[in-house]
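Novice: Structural data only, the sequence is not supplied:
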């Protein structure tokens, strides 16, 4: 068994570049780190480019039993695993995944869509994708200025939900107008009481819900073209809700 | 102006102990770190034990203008501020707060209560307290095994909501039976469909809602004595919801 020993290995250096947006864009690959995510990818029958495995890592036998793909496996040392992971104690199981550009035109627009306008916190984004999955949404649209969907912390926080729904990087204005051309309503979110209370507009099978930046909310240009802008009443003295919590309340309240 | 310069100062060493549960229990104090939290404490007219200020820090003039308390101010160097903070670049404004034990017997039990059963993640706990505040809850009960409510990350993540509602550390079983003696219904949360869907039981003015440990959920002994156990339907393929998101959906759906 050949094992790549050194973090200085030329190939390893290329893989390490996948932690940056530029590296992922150039190589059209991103990394899944850890057995849970790798298992979700195999389960979902995703196309996997390459497995990287530390031979004596804890989950290897489970991996060998579960892996029904023909994907090539390369073996790496714990030092290489540490160099590739952004967690302090990686499990030593990675998958390199192909990044496929989803073309908006080819997507069935029916169903509910979560639209992210410049959301910044990777944990919030991952949690929202996971909630959208749970609520039975069709997909999540990452607008410009929202953290890259293949950023390692986003990938970890999605916990595999990226294999269960459509994730699209798109111009938000284009996506909103496409929904509207298809007579699918869109809802913005606002923190002021000029907006409609979220529980006053009923439930919908197909719609787009826009969540905004943690500090600044949804951009005015989108709020001007939505069917309704919604708010969640703040009864107590908190200044605002966490964006992922607000998104959860709205997704479950609006989805028919 | 006397400025405490050295992190090795005897007094500073005592304050540093407040980052541990034991230190807080011994001194009956905890630390607020940063202008936003200190301002919330002043606004809420909380009893503040002591201010610690780096004289040339960015928010000092705002603090001086806003501070209408007679609380003693001590000045510290940036090095001391770094030693006291668990953030990489502290703002140089701290308040030492008295820990007051809330006696359950003295609390008005009317209203909605969030009960935390062995919740582990400080960020989740802080977010839940903030959501409980926003939803107009009366308070949050920290059961045994739930992370300490004065842990620095919990304090930071609550964003001042601790001054807006009752936070109680209590034996959960005792609190649940106290609610029940007062004819206030209690609801557990479960991940299985033998429980009732959360939107099938109506809305309540007074109730207790129990959220459980991130991995193991609510303990069986509590589920056995609640009025209803609730679940949030998972429509897609996600394995579960984040506990803070689930709590948000439930709090807003159940509160009248």
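Specialist: Structure's in. What do you need? None of these values were measured; they are calculated from a predicted model.

Novice: ok, which residues in chain A are in contact with chain B?
Specialist: Those residues of chain A that sit near chain B, judged by Cβ under 8 Å from any Cβ of the partner chain, are A:123, A:127, A:130-137, A:159, A:161, A:164-165, A:232, A:234-242, A:244-249, A:252-253, A:255. Every residue, glycine included, has its C-beta placed from N, CA and C.

Novice: With adjacent residues omitted, what lies nearest to the residue in the stretch 51-200 of chain A that chain B sits nearest to?
Specialist: Residue nearest to chain B within the stretch 51-200 of chain A: residue A:136 (3.0 Å; Cβ to the nearest Cβ). Closest residue to residue A:136 apart from its sequence neighbours, by Cβ to Cβ, 6 or more residues apart in numbering or on different chains: residue B:235 at 3.0 Å.

Novice: what do you get for residue A:111?
Specialist: Closest residue to residue A:111 in three dimensions, ignoring its sequence neighbours and counting by Cβ to Cβ, 6+ apart: residue A:138, at 3.2 Å.

Novice: now the strands: where do they sit in the stretch 1-150 of chain A?
Specialist: Along the stretch 1-150 of chain A, counting by DSSP state E, counting those that start in this stretch, strands occupy A:3-4, A:29-33, A:48-53, A:73-76, A:93-98, A:112-116, A:139-142.

Novice: and the residues of chain A next to chain B, which are buried?
Specialist: Neighbour counting by 16 or more other Cβ atoms under 10 Å in any protein chain shown classes A:127, A:130-137, A:159, A:161, A:164-165, A:232, A:234, A:236-238, A:240-242, A:244-249, A:252-253, A:255 among those as buried.

Novice: Strands - which of these land there?
Specialist: Here DSSP state E is the test, and these give no hits in strands at all.

Novice: re earlier: you'd agree the residue nearest to residue A:136 is up against residue A:134?
Specialist: Yes: using Cβ atoms under 8 Å, residue B:235 makes contact with residue A:134 at a distance of 6.8 Å.

Novice: from the residues of chain A next to chain B, which ones fall inside helices?
Specialist: A:123, A:127, A:130-134, A:244-249, A:252-253 (DSSP state H).

Novice: quick check, nearest of the residues you listed to residue A:44?
Specialist: residue A:133 (11.6 Å; Cβ to Cβ).

Novice: Pop the domain breakdown of chain A in here.
Specialist: Following automatic domain parsing, one finds the domains of chain A at A:3-98, A:104-254.

Novice: residue contacts, the nearest residue to residue A:11 once chain neighbours are set aside?
Specialist: Here the nearest residue to residue A:11 in space, its sequence neighbours aside, is residue A:4; by Cβ to Cβ, 6+ apart that works out to 6.7 Å. Residue A:4 makes contact with A:11-12, A:74-77, A:80 under the criterion Cβ atoms under 8 Å, 6 or more residues apart in numbering or on different chains.

Novice: which among these end up buried?
Specialist: For those, a neighbour count by 16+ other Cβ under 10 Å gives the buried set as A:12, A:74-77, A:80.

Novice: tell me the contacts of residue A:204?
Specialist: Counted by Cβ under 8 Å, 6+ apart, residue A:204 has contacts A:112, A:185, A:254-256.

Novice: Let me see the confidence value for residue A:73.
Specialist: We have a pLDDT of 97 for residue A:73.

Novice: do residue A:106 as well
Specialist: 77.

Novice: Point out where the stretch 151-256 of chain A drops to low pLDDT.
Specialist: Within the stretch 151-256 of chain A, the stretches with pLDDT under 70 are A:193.

Novice: what's near enough to touch whichever residue of it sits closest to chain B?
Specialist: Nearest to chain B in the stretch 151-256 of chain A, going by Cβ to the nearest Cβ, is residue A:235, at a distance of 3.0 Å. In this structure, residue A:235 makes contact with B:134-136, B:255, judged by Cβ under 8 Å, 6+ apart.

Novice: which of the domains of chain A is buried the deepest?
Specialist: Of those, the one with the most neighbours on average (mean count of other Cβ atoms under 10 Å in any protein chain shown) is domain A:104-254, at a mean of 19.

Novice: Now find how far off-centre stretch A:67-85 is within its chain.
Specialist: For stretch A:67-85, the separation from the chain centroid amounts to 23 Å (computed by Cα atoms, centre = their mean, to the nearest Å).

Novice: For residue A:233, which residues are in contact?
Specialist: Residues near residue A:233 by Cβ under 8 Å, 6+ apart: residue A:197.

Novice: any idea how far it lies from residue A:116?
Specialist: Residue A:233 is 23 Å from residue A:116, where distance means Cβ to Cβ, to the nearest Å.

Novice: One more: residue A:123?
Specialist: 13 Å.

Novice: quick one on the thing from earlier: can you give me every residue that contacts the residue nearest to residue A:111?
Specialist: Taking Cβ under 8 Å, 6+ apart, we find residue A:138 in contact with A:108-113, A:165-166.

Novice: now those as CSV including distance to residue A:176?
Specialist: CSV is the format used below for the contacts of residue A:138 (distance: Cβ to Cβ, whole Å):
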residue, distance to residue A:176
A:108, 17
A:109, 11
A:110, 16
A:111, 16
A:112, 14
A:113, 10
A:165, 18
A:166, 16
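
Novice: excluding its backbone neighbours, what's nearest residue A:71?
Specialist: Distance criterion Cβ to Cβ, 6+ apart; nearest residue to residue A:71, sequence neighbours excluded, is residue A:48 at 4.5 Å.

Novice: Does the one you found touch residue A:93 like I think?
Specialist: No: contact between residue A:48 and residue A:93 fails when scored by Cβ under 8 Å: they sit 11.9 Å apart.

Novice: Where does the prediction get shaky in the stretch 1-150 of chain A?
Specialist: Counting by pLDDT under 70, the stretch 1-150 of chain A shows low-confidence ranges at A:102-104.

Novice: now stretch A:86-96: how far from the chain's centre is it?
Specialist: On the basis of Cα atoms, centre = their mean, stretch A:86-96 sits 18 Å off its chain's mean C-alpha point.

Novice: any idea how far residue A:15 is from residue A:147?
Specialist: Separation of residue A:147 from residue A:15 (Cβ to Cβ) stands at 21 Å.

Novice: sorry, that was for residue A:75
Specialist: 14 Å.

Novice: go on, residue A:214?
Specialist: According to Cβ to Cβ, residue A:214 stands 31 Å off from residue A:15.

Novice: Grab the nearest non-local neighbour of residue A:131.
Specialist: Excluding the flanking residues, the one nearest residue A:131 by Cβ to Cβ, 6+ apart is residue A:248, at 4.7 Å.

Novice: Surely that neighbour and residue B:247 touch.
Specialist: No: shown here, residue A:248 and residue B:247 do not form a contact pair, counting by Cβ under 8 Å, at 9.2 Å.
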